[in-house]
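> With the input below, show me the fold.
(one chain, ligands or ions: 1)
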Amino acid sequence: MTASGLDAQQRERLRQKRFDTLHQHVVAKHLRKGFQGRWTRRDWAHASLFGTMAVLIASIVPGLNSMPGDQALMKQQYSAFVLPMPALRAANVSALNGWHSVRREKDQKVDDLLASLQLSKKDRQLLNNQNEIRDALRSWSIGDSREFSFTNGVLDGLRYPLKDGSLVSFAINGKKFKRSVVAADTETRVVVLSGEVGDSLVASAKAQGLNDEQINTLTNEVFKYDVDLDEDVSSSDRFSVVVEQTYRNGELVSMSDVLAATLTTGTTLHSGYRFEQNGKTEYFTPDGRPLKKEFIRTPIPYAPLSSSFGGRKHPVLGVMRMHKGIDYRASTGTPIMAAGDARVVSAGRNGGYGNAVILDHGRGITTLYGHMSRIAKIRPGQRVEQGTIIGYVGSTGLSTGPHLHYEFRVGGVHRNPLTVTKNAPEPLRGAQLQSFYAAAAKSLAKIQNVEAVVFADQSPAQSQLKAQLAATSAGQKPLVNSKAPELRKQ
Ligand SMILES: [Zn+2]
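Below is the predicted model of the structure:
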């Protein structure tokens, strides 16, 4: 046996020993839980093997402890024993070749991960001297990967993704670093997410992949004004939402706002289209009128109308009396919203109205909200925006049970809130209307294509979609408009 042969053999044994030790670490973990306090035959065999090896090595190579290479190995062995298993397979450690992806797991330190790659102190120093790389290693977060390239165990490359999804790559040659960046493979797709309402529009929209923000847009911006999402929508009704999805390296990373949405309730088609006008984005009806109305149709979403406007027998007084507002049945504590932008006139006890809030919307329009269990933190004189919660449903004052009594006055005269809130604001005109039609037609065509497939077996509103599409494509006022649902007669 030559000296160098012995050295190689001994190294191989040490490598094997290190491999065993790494595995023993895992065994040791199990032992902590279930160790019976007795060694198995296998344990004894291992122990005697290690013992023999130690004696053998010590006797053959007296200067072992002073050998720098082996010392490094012994250190590695020690640290590998006390640390969690590195991401790399121990058997590969002796001569790494090619790219190795190292993922940082919980409880792993960056230094230990680098150590697991057998990076020499010099290599680590080299990496640390490059500011960008040093930062990338310092900011290596749990779950992220960094990739290292080796040729016969020598580090010659490093790459990792940047925040924008591009991949930065360093070719390493001695002390030389060559940096290059590969742009992320980004793709945007305009998609239609369609579904049946089922038990709830919100849950179903979520199941189709819409995010909370998009669902809020549907319920609070697009359909809030014309649809009572509780009363007018049944489980077999359907919705379609057009959104833009951005994929980066094949992974969905972001979604746009709702570009267009339709809700088909029975045979009625409701739709809204996003359009930017003077730097402000809003949702419009298919004929180019803003969906946002001055007043929300119902100050409590999802509450059934329990008493309509007009003559009725008063439930408490028992006499025929004009009902000067409308009532919504809802459980105590249901939030009540300001129907439109306003200034608070009063907020407090108000005779038979109980806890009530009166809002002034300008131009002689006021609204009143009665029988509240509790008034929100608002005070007279304060300005509130449409949708602000002003109080909570209750049964204070002359009331037989929890409900909201809602009044709408124009110039001091009581009006039916459901008829006065229908007035549509000014529509888009001229060139803006034309570009709106073009964009809306695109979205509609996509929705029609998808719905024709998804709901092929039941299409009462396909004709409406088609007519609307034909009209918007031709740049005309649509023949079929999204009309407000019929009022329920009480
Ligand atoms: Zn009432």
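> Show me this structure divided up by domain.
As given by automatic domain parsing, the domain ranges for the chain are 1-82, 84-184, 188-293+426-490, 305-420.
> show me what contacts the residue in the chain that the ion sits nearest to?
Using CB to the ion, the closest approach of the chain to the ion is made by His405 at 3.4 Å. From N, CA and C alone the C-beta is placed, and that goes for glycine too. Counting by CB atoms under 8 Å, 6 or more residues apart in numbering, His405 touches Gly325, Ile326, Asp327, Tyr353, Leu368, Tyr369, Gly370, His371, Ser399.
> picking that back up, pick out the shakiest of the domains of the chain, pLDDT-wise.
For the domains of the chain, mean pLDDT drops lowest on domain 1-82, to a mean of 45.
> Tell me the residues of this protein that contact the ion?
Selection of the chain residues close to the ion by CB under 5 Å from the ion yields Asp327, His405.
> In the chain, which residue is most central in space?
In the chain, the centroid-proximal residue (CA atoms, centre = their mean) is Asn211; its distance is 5.1 Å.
> separation between the residue nearest to it when sequence neighbours are not counted and Asp212?
Nearest residue to Asn211, sequence neighbours excluded (CB to CB, 6 or more residues apart in numbering): Met255, at 6.2 Å. Noted for Met255: a distance of 11 Å to Asp212, by CB to CB, to the nearest Å.
> How about Glu407?
33 Å.
> who has more neighbours, these two?
Comparing Glu407 with Asp212 by other CB atoms under 10 Å, the one with more neighbours is Glu407, at 20 against 10.
> what comes up buried for the helix or strand harbouring that one?
Following DSSP states H and E, one finds Glu407 within strand 403-410. Buried positions in strand 403-410, judged by neighbour count with 16 or more other CB atoms under 10 Å: His403, Leu404, His405, Tyr406, Glu407, Phe408, Arg409.
> Just list the residues touching the last one, thanks.
Right, the one you point to is Arg409. Contact partners of Arg409, counting by CB under 8 Å, 6+ apart, are Ile365, Thr366, Thr367, Leu368, Arg415.
> Over to Pro335?
By CB under 8 Å, 6+ apart, the contact set of Pro335 is Ile300, Ala376, Ile389, Gly391, Tyr392, Val393.
> that older thread, quick check: the residue nearest to Asn211 vs Gly195, distance?
Applying CB to CB to Met255 and Gly195 gives a distance of 16 Å.
> residue boundaries of the helices in the stretch 301-450 of the chain?
Here the stretch 301-450 of the chain has its helices, by DSSP state H, counting those that start in this stretch, at 417-420, 430-454.
> so which of the ones you listed gets nearest Arg159?
helix 430-454 (38.2 Å; CB to CB).
> chain center to whichever helix or strand comes after the closest one: distance?
The C-terminal neighbour of helix 430-454 among helices and strands, as given by DSSP H and E, is helix 462-473. Per CA atoms, centre = their mean, to the nearest Å, the displacement of helix 462-473 from the mean C-alpha position of its chain is 33 Å.
> how about helix 462-473: buried residues?
Applying 16+ other CB under 10 Å to helix 462-473 flags Gln462, Gln464, Leu465, Gln468, Leu469, Ala471, Thr472, Ser473 as buried.
> what's next to that helix, contact-wise?
With contacts defined as CB under 8 Å, 6+ apart, helix 462-473 is touched by 262, 264, 267, 269, 271, 286, 437, 440-441, 444-445, 447-448, 451-452, 455, 477-480.
> Any chance of a ChimeraX selection covering the buried ones in these?
Burial among those is assessed by 16+ other CB under 10 Å; the matching ChimeraX selection reads:
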select :262,264,269,271,286,437,440,441,444,447,448,451,455,478,480
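> so what's the closest residue to Ser306 other than its chain neighbours bridging to?
Closest residue to Ser306 apart from its sequence neighbours, by CB to CB, 6+ apart: Arg329 at 3.9 Å. Taking DSSP bridges as the rule, Arg329 bridges to His403.
> isn't Arg329 right next to His371, touching?
No: when contacts are counted by CB atoms under 8 Å, Arg329 is not listed as touching His371 (11.3 Å).
> ok, the residue nearest to Ala183 when sequence neighbours are not counted - contacts?
Leaving aside its sequence neighbours, Ala183 sits nearest to Ser166 (CB to CB, 6+ apart; 5.0 Å). By CB under 8 Å, 6+ apart, the contact list for Ser166 reads Val181, Val182, Ala183, Ala184.
> Counting only helices, which of these make the cut?
When the contacts of Ser166 are checked against helices (DSSP state H), there are no matches.
> which of those residues has the most neighbours?
Once you tally neighbours by other CB under 10 Å, Ala184 ends up highest among the contacts of Ser166, having 17 neighbours.
> And it, how far from Gly143?
18 Å.
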